[in-house]
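In: Predicted coordinates and the sequence they were generated for:
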Amino acid sequence: MSTLAIGVRKAESSDVEGITAVHDSSWRNAYEGLIPSQELARMIARRGPRWWNRAIRRGTAILVLEVGGTIAGYATFGPNRARDLAQKGEVYELYLLPEYQGVGLGTRLFLAARRELARLGFDSTVVWALADNDPACRFYRNAGGRRVARSTEQFGRTVLGKIAFAWPRGV
Ligand SMILES: CC(C)(COP(=O)(O)OP(=O)(O)OC[C@H]1O[C@@H](n2cnc3c(N)ncnc32)[C@H](O)[C@@H]1OP(=O)(O)O)[C@@H](O)C(=O)NCCC(=O)NCCS
């Protein structure tokens, strides 16, 4: 029997292709039919290897989930961007390749991001999800997140609702 090494670690320059692939595939999978297709294509195209390479070189906080040598997911996080919310930290993005979803790996990556936020002094966390992204909303609710705010975001001519989930303490 062989074992598959699973780990979460800081992103390095050599992860750029892997993260780009996760971004492309997971955004397509999560948002097709939700975000207008032209807008979605534009958002995905903008986040090519050059974008991720620059983000890593600038020291953007990015964790990757590695499964048997494959980058299967990534999380980005940092200070909370919404001034009217009390939480200190924010997980900006949490995305897994579709074929790695639903077996506990997102939970693992999310906890690692919150732990890293707490280590940096941001011991409470907020996450925004599109209100129509049912699996993500369910995931955050089941992970103990409390709904603390609603807002909207515009994608081309389409306005979509979004929900903020919060965790008052670090992990
Ligand atoms: C949202 C997302 C990050 C969650 O990660 P995930 O790995 O799918 O989630 P998990 O597997 O940890 O948990 C999801 C479910 O799997 C099940 N699960 C958890 N551990 C499990 C295990 N070891 N074995 C089998 N099932 C398990 C649980 O029932 C859990 O259900 P729940 O949500 O009702 O609690 C991931 O699905 C994803 O990338 N989705 C698309 C992108 C997206 O929407 N991102 C969020 C943007 S805000």
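Out: Received the coordinates, thanks.

In: Get me the contact residues on the protein for the ligand.
Out: Listed as neighbours of the ligand in the chain under the rule CB under 6 Å from any ligand atom: 26, 30, 94-96, 101-107, 129, 133, 135-136, 138-139, 142. The way it works is simple: take the backbone N, C-alpha and C, and place the C-beta from them, glycine included.

In: Just the ones in strands from the residues you listed, please.
Out: Among these, the members found in strands (DSSP state E) are 94, 95, 96, 129.

In: nearest spatial neighbour of the first one, skipping sequence neighbours?
Out: Leaving out its chain neighbours, the residue that sits closest to residue 94 by CB to CB, 6 or more residues apart in numbering is residue 75, at 4.8 Å.

In: Can you give me the buried ones in the helix or strand hosting the one you found?
Out: Secondary structure from DSSP states H and E places residue 75 in strand 70-79. Under the neighbour-count criterion of 16 or more other CB atoms under 10 Å, strand 70-79 has 71, 72, 73, 74, 75, 76, 77 buried.

In: List the beta-bridge partners for the first one.
Out: It stands for residue 71. On the basis of DSSP bridges, residue 71 is bridged to residue 66.

In: 19 is where my numbering starts, stick with that
Out: OK, 19 is where the count begins now, so the last one is residue 89.

In: and it, what does it touch?
Out: Residue 89 is in contact with 33, 36, 37, 39, 40, 82, 83, counting by CB atoms under 8 Å, 6 or more residues apart in numbering.
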